[in-house]
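S.K.: Here is my input; please provide its structure:
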Amino acid sequence: MELAKVWQTFIYGLLTRYKKLEKLRTRLIFFIAPHLITVGRKSYIGQADFANTRTHLMMLLRPEYLDDVIMKLWTEVTAGPEQRETTTRGNRQELSSAQIRSYCCRGIAHKCWETSDICIADNSPENVKRIQAGIPQADLPMPCQVGPKNDVDIKYADVRQAIKKMKNGKTPGVSGWCRELLYPVACLQTPHTVQEALTSMFRDISNATISEGEQEFLRSLILVPFKYAGRDKIRAILITDTIIKVCWKMLLTPVEDDLIKKSGLVFNKPGQSSLGVCAIQQALCQGRVVVALDATNAFPSLLRSAFMEHMAPVPAYFQCIRLVNMI
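M.R.: Below is the predicted model of the structure:
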């Protein structure tokens, strides 16, 4: 909790500079702020590491120290990633007590007993070719036309509600932001000046009134290639940045469809797939036609032109156009 307060102080001090002349610099530092925590540091182990991290966060409020840390981060990024041995997690006995406590504190204790036969694939030339073959290689369509009616008016309540809807324990994107870091900044007695700064920044992102370099950074995805043990198969998972996810939640909340929200349920209850299988089997035996659509994972395969054609007649979707063009 103490580290969360120090983190709040650093981000609050950063966001209070979000004025007209410092917007670009403030946004850029905000985008990489989570990475500034771990520059030149190893995993948290004991009380000494806690004290050092607390001091490090407090020192980030000093401009000279902050500039020095940013240069160290640049050095680490340009040096390339470290080579790590890939392992497959078999069962909960392989988890350390620290990992179990971490899962419990984050509200995802179910991960303590999950088993998996998946590991991270190496970057061998063969795997790289297989991953590239599975990603569509095509030019992006022309951006959609935008006008004044496509401007988005974001309020602080929208930002706060979107962050609260995020889930704990999710892998962050390129920026490193996640709900665990955003929540203490935006949802715990946030000062009025910081509320205004957060609102202004997310409004600028949602309206795509940021530089092309920032847009390229936010639309960058992290590709994680998973390899299944005992099978010659690689599945590439693409991770969207959390900042973009927050923007999508803000823009799409007014047009949420109750049927879509319940599309992952069977008989309006989660975890009832076995009952669903029985019902589908019975329908098939009666000669009925059954259509199943995984709408969440099928979305990337939809035609962008068809999607926009469907959105065009709906006024509530106008505010999404600029963000669609940006990413």
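
S.K.: Tell me where the stretch 201-327 of the chain has helices.
M.R.: 212-219, 242-252, 258-261, 273-285, 295-298, 304-311, 321-326 (DSSP state H, counting those that start in this stretch).

S.K.: Quick one: residues in contact with the first one.
M.R.: Yep, that's helix 212-219 we're talking about. Residues outside helix 212-219 that contact it (C-beta atoms under 8 Å, 6 or more residues apart in numbering): 24, 27-28, 31, 174-175, 205, 208, 241, 243-244, 326-327. The C-beta positions use only the backbone N, C-alpha and C, and glycine is treated the same way.

S.K.: ranking those by neighbours, who comes first?
M.R.: For the contacts of helix 212-219, neighbours were counted using other C-beta atoms under 10 Å, and residue 205 has the most, 25 neighbours in all.

S.K.: Who are the contact partners of that one?
M.R.: Contacts of residue 205 (C-beta under 8 Å, 6+ apart): 218, 243, 244, 247.

S.K.: now, which of those residues sits nearest residue 53?
M.R.: residue 243 (23.3 Å; C-beta to C-beta).

S.K.: Specify which residues of the stretch 51-200 of the chain, grouped into ranges, have pLDDT under the cut-off.
M.R.: Residue ranges of the stretch 51-200 of the chain with pLDDT under 70: 80-93, 110, 113-116, 136, 138, 140-141, 147-150.

S.K.: switch the cut-off to 90
M.R.: When residues are selected by pLDDT under 90, those of the stretch 51-200 of the chain lie in 51-63, 66, 75-154, 165-173, 184-191, 193-197.

S.K.: So which residue is smack in the middle of the protein?
M.R.: residue 242 (2.8 Å; C-alpha atoms, centre = their mean).

S.K.: How about that residue, nearest residue that isn't a chain neighbour?
M.R.: residue 177 (4.4 Å; C-beta to C-beta, 6 or more residues apart in numbering).

S.K.: Go ahead and confirm the one you found touches residue 240.
M.R.: No - using C-beta atoms under 8 Å as the test, residue 177 is too far from residue 240 to be in contact (11.6 Å).

S.K.: more neighbours, the two?
M.R.: Higher neighbour count among residue 177 and residue 240: residue 177, with 24 against 16, using other C-beta under 10 Å.

S.K.: In contact with the more buried one, which residues are there?
M.R.: Contacts of residue 177 by C-beta under 8 Å, 6+ apart are 33, 34, 241, 242, 243.

S.K.: thinking again about what came up before, so is the residue nearest to residue 242 in a helix, a strand, or just coil?
M.R.: coil (DSSP: H, G, I helix; E, B strand; the rest coil).

S.K.: How about the one 4 residues further on?
M.R.: In the three-state summary, residue 181 is assigned as helix, counting by three-state DSSP.

S.K.: any idea how far residue 118 is from residue 235?
M.R.: Relative to residue 118, residue 235 is positioned 8 Å away (C-beta to C-beta, to the nearest Å).

S.K.: got any residues that touch both of these two?
M.R.: Counting by C-beta under 8 Å, 6+ apart, the residues touching both residue 235 and residue 118 are 226, 228.

S.K.: what about the nearest residue in space to residue 181 that is not next to it in sequence, which helix or strand?
M.R.: Distance criterion C-beta to C-beta, 6+ apart; nearest residue to residue 181, sequence neighbours excluded, is residue 34 at 5.7 Å. Assigned by DSSP states H and E, residue 34 belongs to helix 23-37.

S.K.: And the following helix or strand past that helix, what does it pack against?
M.R.: Using DSSP H and E, the helix or strand that follows helix 23-37 towards the C-terminus is helix 47-59. Where contact means 3 or more C-beta pairs under 8 Å, 6 or more residues apart in numbering; DSSP states H and E, helix 47-59 is packed against helix 2-15, helix 23-37.

S.K.: ok, so what distance separates residue 146 from residue 139?
M.R.: 20 Å.

S.K.: do residue 30 as well
M.R.: 32 Å.

S.K.: pLDDT below threshold where in the stretch 201-327 of the chain?
M.R.: For the stretch 201-327 of the chain, the ranges with pLDDT under 90 are 204, 206-209, 211, 219-240, 247-327.

S.K.: I am finished for the moment; much appreciated.
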